[in-house]
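Participant: got a predicted structure plus its sequence, pasted below:
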Protein chains: 2
Amino acid sequence: MDGSHWLSMHPLVEKLTENGHDVVVVIPESSLTMGGSETFTVQTYPVPYTSQEITANFQKLSREHFSLPSHFPWIAIEMLDSMMVVFNMFYKSSCKNVLQNETLIEYLKKGKFDAMLSDPLFPCGEIIAEFLSIPSVVFTSGAPFAIEQEAAQSPGPPSYVPKLFTTFTDHMTFIQRLQNVFVSLFDSVLFDILYSPYAKLATEFLKRDVSVMDLYRRASIWLLTYDFVFEFPKPIIPNMVFIGGINCANRQLLNQDFEKLVNSSGEHGFVVFSLGSMVSEIPMDKAMDIAEAFRSIPQTVIWRYTGKVPSNLGSNTHLVKWLPQNDLLAHPKARAFITHAGSHGIYEGICNAVPMVMLPLFGDQMDNAKRIESRGAGVTLNVLDMTPEDLINALDSVINKPSYKENIQRLSALHLDRPIHPLDLAVHWVEFVMRHKGAPHLRPAAHDLNWIQYHSLDVFAFLLAVLVTTFFISFKCCTYTCRRCCGRKSRPKSKSKKE
Amino acid sequence: MDGSHWLSMHPLVEKLTENGHDVVVVIPESSLTMGGSETFTVQTYPVPYTSQEITANFQKLSREHFSLPSHFPWIAIEMLDSMMVVFNMFYKSSCKNVLQNETLIEYLKKGKFDAMLSDPLFPCGEIIAEFLSIPSVVFTSGAPFAIEQEAAQSPGPPSYVPKLFTTFTDHMTFIQRLQNVFVSLFDSVLFDILYSPYAKLATEFLKRDVSVMDLYRRASIWLLTYDFVFEFPKPIIPNMVFIGGINCANRQLLNQDFEKLVNSSGEHGFVVFSLGSMVSEIPMDKAMDIAEAFRSIPQTVIWRYTGKVPSNLGSNTHLVKWLPQNDLLAHPKARAFITHAGSHGIYEGICNAVPMVMLPLFGDQMDNAKRIESRGAGVTLNVLDMTPEDLINALDSVINKPSYKENIQRLSALHLDRPIHPLDLAVHWVEFVMRHKGAPHLRPAAHDLNWIQYHSLDVFAFLLAVLVTTFFISFKCCTYTCRRCCGRKSRPKSKSKKE
């Protein structure tokens, strides 16, 4: 999987190589963030689009986003729509291109791999793992339709487990709970519709009828880049392993240019601004608004931006094509982090204890922003309606109101206080699956029950039937007895009458 | 908590002391396994019974056990009954004696403790933790009525999560699922009845109305001596930490006597037999049967037994008052482990990969035995009906059939392949709670919902009401429209008739 998905998984792949494993990474010839490596083997396959087309499409998508409303349920519909664009643009064809690439499949068959490490956004990895009969480890920050929850058989009561795209917290009003129940009712229907092309693809490839959810269900371990300082606590399953903050592991010294920049920022320190790996350009009017806000704050701003330079750019604002986000946030002079609230960036904010101003755009970002806001560690702004004053006020709050810094420091302290580093934990479980050919002892027996059995509906139906029958028989007995008694009482009367 | 409960918790307390913490252990003046220590402070309180009386009562209990049937539901009723005996004999008064001991309570108040470590079998620890307003860490191998599940808000679908005392596995027949649903329906009722004296005690002590479950619910971390090589995988909650096998940590060299004994056992090796810390005597006819079986096996037998020596004892059978169980099982010549299937012993069997013959007696032992049997790593015998031949056959199977050894070795390999030792994990989470004054970020919001809200029953009732109203209005509209239409059609007719 491309983009931030790969950026999160990359340190794990590197570490596995370091530990002496032969790792083969299968990537499309055109991608945003994936490329060759000196440490692991890369196998590419041709795809019918170029890297430039992906970038252009994501930029088109982000431009469209800057002209739409953003409240539930519209935001959910919009997010779903953008997901469909991504589905149709790249990955359906990308997955098809892997499965139909005979040379690649032959290579994988000959490889005699011990395990498959895959991203569950699309079930390509699962289809190939099933084909090769090898166990799989799934790596995700949370898939749409709560795939990880459904596939691992983890209960998620809609009364306090908010659904993706709702932007609700774990404390919902009645109306929110109603909406959450609605979303959860339609989740599986939408999943079936959206993932049906993959079911077809898998059925053709594996030459037998198979459902996408069944493919996900065979996962041995779910490596989830969650931490409950950020995610809301909910029921989990023993084969779920939590490795939130895995991406904070790679820390390096700042290069000379950035070092100079942050050191020149003076007592007010600096602000880091990035909208993630997908979005480096925004419409000019929005860029002007943001530049306007930055002019009037005392901090230095380091802004990842590749678009046309706004004419009102202040001298304290430095535009860069790329920035070492985690290393900058780790600097003691970092005062605030303006982010699109992708989970990757959020964890870098948390582990470095930098309060955030969040401008969510796609996917889970709106939900992520709400989570951090509900913890009092950041402010969410609607990038569409936002005025320069809004941004100035938000920055002023997170930098100067002590509560934001205190809250993010508290979250950071909880997050970093762990018995084992998430990267080591992830490596352990991948190697565990390789050593033991899976982890069947962590797989709940719920997988072997159908929906009716799982919910004990057959048991309750039986109990109800017994109850009704008992009641019916008792009633009949009573009426019969009554009639007999009355009959006996009345018979002598009639007899006496006759007499 | 006394007995094996304390034996399991003891290494953690020792390790906390080693790490420089001041630990105060509150114990009754009379107990089976708890005593003074050079490393931690012990605070005793007087109780109205002697250690001899506890031993005598447990021996009476075990004698009674040897003369009862043992199939579900009788075994469940019997187990419940024995639990009531324990309740009434010791712990109700023991808990009362803590809370009414003003000197002790004053001492605890002045102690300014960071955390409470407690066993949840009785809620004494929770009552005091609430009184002292300190966070608590609960340590258990699984409490009756699935207290840990209920208190932590962990869902446990009765369709595949077998209830305590049922001896079912996670794969149940329809009839077993029916029984399991029944047991789960009565669980909370029985809990309320059995624990009501504690609710009264807590209400008096805390001077406000409080339920026992609410006291358990305030636990910050649940340290569960589970491992899913043994327990059936089921939904869990993020503040549950799994430390199964914590008791295998303490390993020492065998003393000269035992070393000599095991070395003299020859090529056939030896068998370890213990019925746990509570039961060291059994009725003579049973002891004779067992001695008879041991005479005819080629292995040396080391039997923990304090009763009268059976007259038919073979020369290969050695009676000892105490044995270093874990160290003996760790010896390469250990061939089989005859155990009462307490979870403490089971984990020592697993971590040392010794196949087991299980003679369950009380509490969760029957369930434990079924779990190991369902994994093909041991044979369960009913100690009451068992003949010498049964025991000989069972020992022959686990020692000579390769599948038992292979299965226990597989379980052992899975169990020991962990990213961090359970003892270090337990220490981490106790210290975490001390450092952060609890772990509220791991507490699910389910705690803030009532039963109706949790199950979204209000939402479904509302949806049903809307549906019914809509249907009713639509129906009324239809009938009204039909009547109007029919009316119009018929009116002209009547008009024309008039004309």
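Facilitator: Sure, I can see it. Numbering: from 1, shown residues only, chains lettered A, B, ... in the order given.
Participant: how long is stretch A:308-326 end to end?
Facilitator: This stretch, stretch A:308-326, spans 26 Å end to end (C-alpha to C-alpha, to the nearest Å).
Participant: for it, buried residues please.
Facilitator: By 16 or more other C-beta atoms under 10 Å in any protein chain shown, the buried positions in stretch A:308-326 come out as A:Pro310, A:Leu313, A:Gly314, A:Asn316, A:Thr317, A:His318, A:Leu319, A:Val320, A:Leu323, A:Pro324, A:Gln325, A:Asn326. Using the backbone N, CA and C atoms, a C-beta is placed for each residue, glycine as well.
Participant: show me where pLDDT drops low in the stretch 51-200 of chain A?
Facilitator: In the predicted model of the stretch 51-200 of chain A, residues A:63-73, A:75-76, A:78-80, A:82-83, A:85-87, A:89-93 satisfy pLDDT under 70.
Participant: helices of that one, start to end?
Facilitator: A:51-65, A:74-86, A:92-99, A:102-110, A:124-132, A:147-152, A:174-206 (DSSP state H, counting those that start in this stretch).
Participant: reformat those as TSV; add mean neighbour count and distance to chain B.
Facilitator: Converted to TSV, the helices of the stretch 51-200 of chain A look like this (neighbours: other C-beta atoms under 10 Å in any protein chain shown; distance: least, C-beta to the nearest C-beta, whole Å):
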stretch	mean neighbour count	distance to chain B
helix A:51-65	16	31
helix A:74-86	16	18
helix A:92-99	19	31
helix A:102-110	13	27
helix A:124-132	22	20
helix A:147-152	22	10
helix A:174-206	17	5
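Participant: dump those helices to JSON lines, plus distance to A:Trp303.
Facilitator: Formatted as JSON lines, the helices of the stretch 51-200 of chain A follow (distance: least, C-beta to C-beta, whole Å):
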{"stretch": "helix A:51-65", "distance to A:Trp303": "16"}
{"stretch": "helix A:74-86", "distance to A:Trp303": "24"}
{"stretch": "helix A:92-99", "distance to A:Trp303": "32"}
{"stretch": "helix A:102-110", "distance to A:Trp303": "40"}
{"stretch": "helix A:124-132", "distance to A:Trp303": "36"}
{"stretch": "helix A:147-152", "distance to A:Trp303": "34"}
{"stretch": "helix A:174-206", "distance to A:Trp303": "35"}
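Participant: picking up where we left off before, just the buried residues of stretch A:308-326 now: which is nearest chain B?
Facilitator: Ranked by distance to chain B (C-beta to the nearest C-beta), the buried residues of stretch A:308-326 are led by A:Asn326 at 22.4 Å.
Participant: that older thread, just the ones in helices from the buried residues of stretch A:308-326, please.
Facilitator: The helices, defined by DSSP state H, take in A:Gln325, A:Asn326 from these.
Participant: between the buried residues of stretch A:308-326, which sits nearest A:Leu359?
Facilitator: The shortest approach to A:Leu359 among those belongs to A:Gln325, at 15.0 Å (C-beta to C-beta).
Participant: any idea of the pLDDT on that closest one?
Facilitator: Looking at A:Gln325, its pLDDT reads 93.
Participant: backbone phi and psi for A:Ser315, please?
Facilitator: Main-chain torsions, A:Ser315, degrees, to the nearest 10: phi -70, psi -20.
Participant: wait, A:Val229
Facilitator: Note on A:Val229: backbone dihedrals following degrees, to the nearest 10 are phi -80, psi -20.
Participant: surely A:Tyr195 is in contact with A:Val212?
Facilitator: Yes - counting by C-beta atoms under 8 Å, A:Val212 is a contact partner of A:Tyr195 at 4.5 Å.
Participant: find residues that contact each of those two.
Facilitator: Shared contacts of A:Tyr195 and A:Val212, defined by C-beta atoms under 8 Å, 6 or more residues apart in numbering or on different chains, comprise A:Pro123.
Participant: where's A:Pro144 relative to chain B, distance?
Facilitator: According to C-beta to the nearest C-beta, to the nearest Å, A:Pro144 stands 22 Å off from chain B.
Participant: contacting residues for that residue?
Facilitator: A:Pro144 touches A:Met83, A:Leu121, A:Leu164, A:Phe191, A:Leu194, counting by C-beta under 8 Å, 6+ apart.
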